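*Asks:* what's the 3D shape of this:
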Amino acid sequence: MEEAHSVNSPRRVLSFSKRKKQKPGFRDSDSRRSSPFKASQVHHGPKPSEVYGFVGSISTVVATVIFLIWAYVPDKLLESLGIHYYPSRYWVLAMPTYLMVTLMLSLAFYIGLNFIATPPPTSLNTLFDEYSREPGELDPGMEEGEDRPIDPISDIDISRINDVMFKGNS
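*Replies:* Residues are numbered from 1 along each chain as shown. Predicted coordinates:
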């Protein structure tokens, strides 16, 4: 018989009785049955990526608040609160400046590496490489009325592209 302080659910009965000393947590009736397949078992709880995201966002907010307190609260007030060691105020401006300069130099370096790795416009490597495929020829013995197979994947010739784009439809 169910107790007066229980909640019925289609999957489980939750009891708020102090008499039973059970482990905390709720298990579904389905999870009590052992299954030979581990993939069929349902795991409850947050995913690690969600936990890392939550901890990261909270850490960012806390670090920002600490930084702003350190930047704007006068030294005498910090010392009256018992905080005697903290970095020099020089770093209030230097740290964000160094971070932004590092970010901009990294971006410039990345763009420079892409320019170095790109072949010049006059190089044939911009048109052909080791993965280029010439269009395959269909069987010349096929008649016009027969079903034609799908052409294999191939690159379109640059002269055909130029004809279509600059000379009209052909």
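
*Asks:* Going by C-alpha atoms from here, please, whenever you check contacts or count neighbours.
*Replies:* Noted.

*Asks:* Phi, psi for residue 150 please.
*Replies:* Note on residue 150: backbone dihedrals following degrees, to the nearest 10 are phi -70, psi 130.

*Asks:* what about it, neighbour count?
*Replies:* Other residues lying near residue 150 total 7 when counted by other Cα atoms under 10 Å.

*Asks:* ditto for residue 71
*Replies:* Counted with other Cα under 10 Å, residues neighbouring residue 71 total 16.

*Asks:* Which SSE is immediately downstream of the helix or strand bottoming out on mean pLDDT in the chain?
*Replies:* Across the helices and strands of the chain, mean pLDDT, DSSP states H and E gives its lowest value to helix 29-32, namely a mean of 50. Next helix or strand after helix 29-32 toward the C-terminus (DSSP states H and E): helix 48-72.

*Asks:* And that next one, what's buried?
*Replies:* For helix 48-72, the neighbour count (16 or more other Cα atoms under 10 Å) marks 70-71 as buried.

*Asks:* So which other helices or strands are in contact with it?
*Replies:* Applying 3 or more Cα pairs under 8 Å, 6 or more residues apart in numbering; DSSP states H and E, one finds that helix 48-72 contacts no other helix or strand.

*Asks:* Just the residues contacting it, thanks.
*Replies:* 86, 89, 92 (Cα atoms under 8 Å, 6 or more residues apart in numbering).

*Asks:* Could you pull up the mean pLDDT of that helix?
*Replies:* Taken as a whole, helix 48-72 has a mean pLDDT of 93.

*Asks:* what's next to the following helix or strand past it, contact-wise?
*Replies:* Per DSSP H and E, the first helix or strand lying C-terminal to helix 48-72 is helix 75-80. The contact list for helix 75-80 (Cα under 8 Å, 6+ apart) reads residue 84.

*Asks:* Nearest to residue 148 among the contacts of helix 48-72?
*Replies:* Using Cα to Cα, residue 92 comes nearest to residue 148 of these, at 71.9 Å.

*Asks:* Apart from its neighbours in sequence, what residue is nearest the closest one?
*Replies:* Nearest residue to residue 92, sequence neighbours excluded (Cα to Cα, 6 or more residues apart in numbering): residue 71, at 6.0 Å.

*Asks:* Many thanks, we can stop here.
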